[in-house]
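> sequence? don't have it. structure:
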C-alpha cells in the first residue's frame, strides 16, 4: 500500500480500461471513483473532491481537453491524462489546458502508479517543514483534513478561497505573485485575470482576518502579489 493514499477519480469510457485502472489504483491503497463521460466526470469532480483526476481525452459526450479547461476554472487538482492520442500537438493541447502529466495508451500498471506517486509528492498538502497544521491569530488550518477553524468554529471557505489560503500559508514570509496564484488556483490561461485574485482574497480576509481592512496575516505586496505572515 502506498504511504500517500489518495482519493482518485477515473474518467474513462472504455469499461475494460476503467476497470484495469481502478484495480491497479485500489491495489496501491487508493480510494477510486469512476465516470464514463465528460458530464458525469465534472459532476463527480465537484462532489467527490478527489486528490487526483485520471482522464481519458476521447469521451463520448465531449473532449477531455474541454473537461480540463472547465475543471481548471475552480480546481488545481493534479490531472493525469491517459490517451491513445500520441501526437505532440495533442499532448501540448492537454498540457496547455492544465493537465499535469500525459500517459499514452497502452501503458503498464507500474508506470501509472509511478506517475500518480509523483503527482502526490508534488501536491502533498504539507508545509516545507512537514507540518500539517498551521495556526495564525485565532485561525487553525488542518492541511490533511482540509479544515479551517476560527475561535474553534468551522470556517466555510469556497474551494477557491481554500486553495488561495493554502497556497499562501504553505509559503510563509514569501511573496507569492498574482501570476503564481492564478496558475495554482485557476490554472494556465488566467495569467492576466488579476481581478479574480483581488475579489476572492477580499472575501477570504473577511473570513480569517480580525480586521479585514487592516490584515495582519494575508498581506498585500503592492503591484506584486501577497505574503503570509503567521
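Structure received. Note that the coordinates shown come from a computational prediction; the quantities given were computed from them, not determined experimentally.

> C-alpha from now on. contacts and neighbour counts both.
Will do.

> Burial check on residue 230, number of neighbours?
13 (other Cα atoms under 10 Å).

> Let me see the contact set for it.
135-137, 172, 217 (Cα atoms under 8 Å, 6 or more residues apart in numbering).

> Can you give the domain ranges for the chain?
7-123, 133-228 (automatic domain parsing).

> Mind picking the lowest-pLDDT entry from the contacts of residue 230?
Lowest pLDDT within these is found at residue 172 (82).

> do you know how far the spatially most central residue of the chain is from residue 186?
In the chain, the residue lying closest to the centroid (Cα atoms, centre = their mean) is residue 77, at 2.1 Å. Using Cα to Cα, to the nearest Å, we find residue 77 at a distance of 10 Å from residue 186.

> Selection in PyMOL covering whichever of the contacts of residue 230 are buried, please.
To isolate the buried members of the contacts of residue 230 in PyMOL, using 16 or more other Cα atoms under 10 Å:
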select buried, resi 136+172+217
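
> which pair in the contacts of residue 230 spans the largest distance?
137 and 172 (14.1 Å; Cα to Cα).

> where's residue 85 relative to residue 182, distance?
29 Å.

> Tell me which stretches of this structure form strands.
7-11, 31-35, 52-56, 58-59, 62-63, 79-83, 101-104, 133-136, 139-142, 147-150, 153-154, 175-177, 218-221, 225-228 (DSSP state E).

> mind putting these in TSV, distance to residue 112 included?
Shown next, in TSV, are the strands of the chain (distance: least, Cα to Cα, whole Å):
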stretch	distance to residue 112
strand 7-11	12
strand 31-35	14
strand 52-56	10
strand 58-59	18
strand 62-63	22
strand 79-83	9
strand 101-104	8
strand 133-136	30
strand 139-142	29
strand 147-150	30
strand 153-154	37
strand 175-177	32
strand 218-221	38
strand 225-228	36
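
> and these, which one is worst for confidence?
strand 175-177 (a mean of 83).

> Neighbouring strands - and their directions - for it?
If you go by DSSP bridges, strand 175-177 pairs up with strand 225-228 (antiparallel).

> contacts for the partner strand?
Where contact means Cα under 8 Å, 6+ apart, the residues beyond strand 225-228 that reach it are 168-169, 171-178, 217-221.

> Out of those, which comes closest to residue 150?
Checking those against residue 150 with Cα to Cα, the nearest one is residue 217 at 13.6 Å.

> Am I right that that closest one is in contact with residue 211?
No. Between residue 217 and residue 211 there is no contact under Cα atoms under 8 Å: 10.2 Å.
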